[in-house]
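1. generate a structure from the sequence data that follows.
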Amino acid sequence: MATSSAPADLPPGLHDIVPVPGLRPALARSLQSRGCSVLELPEVVTDFLVAATLRREFAFDLENLGLSGEVLEQRLALTLDGGPFAGRKEQLTETLSGGEGQLLALTLALAQPADFLLSSYAADYLSPARRRDLEAAIIQAGKRVLNLSASSSGQLWRWQGGVLESADEATGASGTTGVGSAFPAWTLHISGFRKAYEISAFALSIDEGHYAGLQVLGLAGENGSGKSTLADCLAGMATYTGELSLDLPSVDEPGIGYLTQKQSHPTHGMSQDDLLDLFVQQGKLTSGQLRRLREFLDNDPGYQQLRATDAAQGNRLLIALALLAGTYDLVILDEPTYGFAATEVAHLLQRFIALAGPHPLILISHDSNFLDKLCNSILRLENGLIIQTGT
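-> Residues are numbered from 1 along each chain as shown. Prediction:
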């Protein structure tokens, strides 16, 4: 039997809530009417970050709390010498991975004088281990974080008439694992590869790797392990030393479509038609591809249900589908489940790939079940190294 609790009665911790339109203001009003103080975090939680380096970011927040001099330095040392950001005080915040940026923003927000933090999808890039770190920090701070999300691996809550009721996460249909033989096989070759960031302790380094027979390749690993960095290099968006090459069927100069964690153009306020028109203007969709994509979007109940939850996140899925429908030789999707239940996105991609045709594909996710469902090969990264390969 489902239990229920008014928001003010929830214990400290991270509480993931099934998002519905208008939920954030309703929650804020409910909490404030009960005399609770609420800090509403930006829709993109990393917008909470304002400083160039991790040290300056922590110092900025502590200075706002009135700390200075030796007390400030002691608190900085205590905060930065332990935890996930140890030894990285001079790292540029812009070099953080999506999950690390979320973790940093939420960690800083916990120091703010508010009973409740209200956020949307603020932990969706976090791996299970990082979520546990965050949960421990929230409990230690005695805070309550209400996070709108449908992709949590923890307990979900549903807003019902002024109270939060526990809700089981949808498991989705089962029985479909891996990809079919229709996907073209391709090869990834890596030799003497290294990518390092200025003023950063992190470096992605791969001495040798030859991976043949790939169809849908998954990149797995903790936040900050190097997944997105490797994707940036594959897509030609970052410089590196050494060799990193793709051998795709009948392709000399591969065209790559890339769904990044940080989109180069905003989707907020853009309609489905706006985004599709943008892709047509950019020459990324032919008229035939556009027609098939529109038919799929208009008739697929799974996409309509997901998109109705939050237009901005639905548009991110639309970008992923448009990339798959385009004329690219390889498509890279970095955390395509952001904002949604991974099982639902997996089935959506499966249905669309069956319609649009299979591409050589790279999927990046911290959700191993999502990768197992769609990938025939998986590389696991840890601290900038490939530590495991498998299918």
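2. please identify the helix or strand for the closest residue to L285 other than its chain neighbours.
-> Of all residues not flanking L285 in the chain, F279 sits nearest, at 4.6 Å (CB to CB, 6 or more residues apart in numbering). C-beta here means a position set from N, CA and C on the backbone, and glycine is covered the same way. According to DSSP states H and E, F279 maps onto helix 272-281.
3. and the following helix or strand past that helix, how far out from the chain middle?
-> Using DSSP H and E, the helix or strand that follows helix 272-281 towards the C-terminus is helix 287-299. Taking CA atoms, centre = their mean, to the nearest Å, one finds the center of helix 287-299 at 26 Å from the center of the full chain.
4. tell me what the helix or strand following helix 287-299 is packed against?
-> Scanning forward in sequence from helix 287-299 by DSSP H and E, the next helix or strand is helix 301-309. In terms of contacts (3 or more CB pairs under 8 Å, 6 or more residues apart in numbering; DSSP states H and E), helix 301-309 is packed against helix 287-299, helix 311-325, helix 342-356.
5. pLDDT on the helix or strand just after the second one, on average?
-> Which is helix 311-325. Note on helix 311-325: by DSSP H and E, the next helix or strand toward the C-terminus is strand 330-334. For strand 330-334, mean pLDDT rounds to 96.
6. how about stretch 94-109?
-> 89.
7. on that earlier part again, distance to N64, mean pLDDT and mean neighbour count added to the helices and strands packed on helix 301-309, as a markdown table?
-> As requested, these are exported to a markdown table (distance: least, CB to CB, whole Å; pLDDT from 0 to 100; neighbours: other CB atoms under 10 Å):
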| stretch | distance to N64 | mean pLDDT | mean neighbour count |
| --- | --- | --- | --- |
| helix 287-299 | 45 | 90 | 14 |
| helix 311-325 | 29 | 85 | 22 |
| helix 342-356 | 37 | 89 | 20 |
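8. out of those helices, flag the one nearest S191.
-> helix 311-325 (28.1 Å; CB to CB).
9. quick one: the closest one to strand 330-334, angle?
-> Put simply, helix 311-325 runs at 160 degrees to strand 330-334, going by axes from the mean of the first three to the mean of the last three CA atoms, to 10 degrees.
10. by contact count, what packs against helix 311-325?
-> Applying 3+ CB pairs under 8 Å, 6+ apart, one finds that helix 311-325 contacts strand 256-259, helix 272-281, helix 287-299, helix 301-309, strand 330-334, helix 342-356.
11. quick one on the thing from earlier: got the buried residues for the helix holding F279?
-> Residues Q272, L275, L276, L278, F279 are the ones in helix 272-281 that count as buried (16 or more other CB atoms under 10 Å).
12. least confident pick among these?
-> For the buried residues of helix 272-281, the pLDDT minimum is Q272, 82.
13. for it, what are its contacts?
-> By CB atoms under 8 Å, 6 or more residues apart in numbering, the contact set of Q272 is L297, R307, G314, N315, L318.
14. skip the chain neighbours and tell me the closest residue to the third one.
-> Setting aside the residues directly before and after it, G314 is nearest to R307 in space (CB to CB, 6+ apart), at 3.0 Å.
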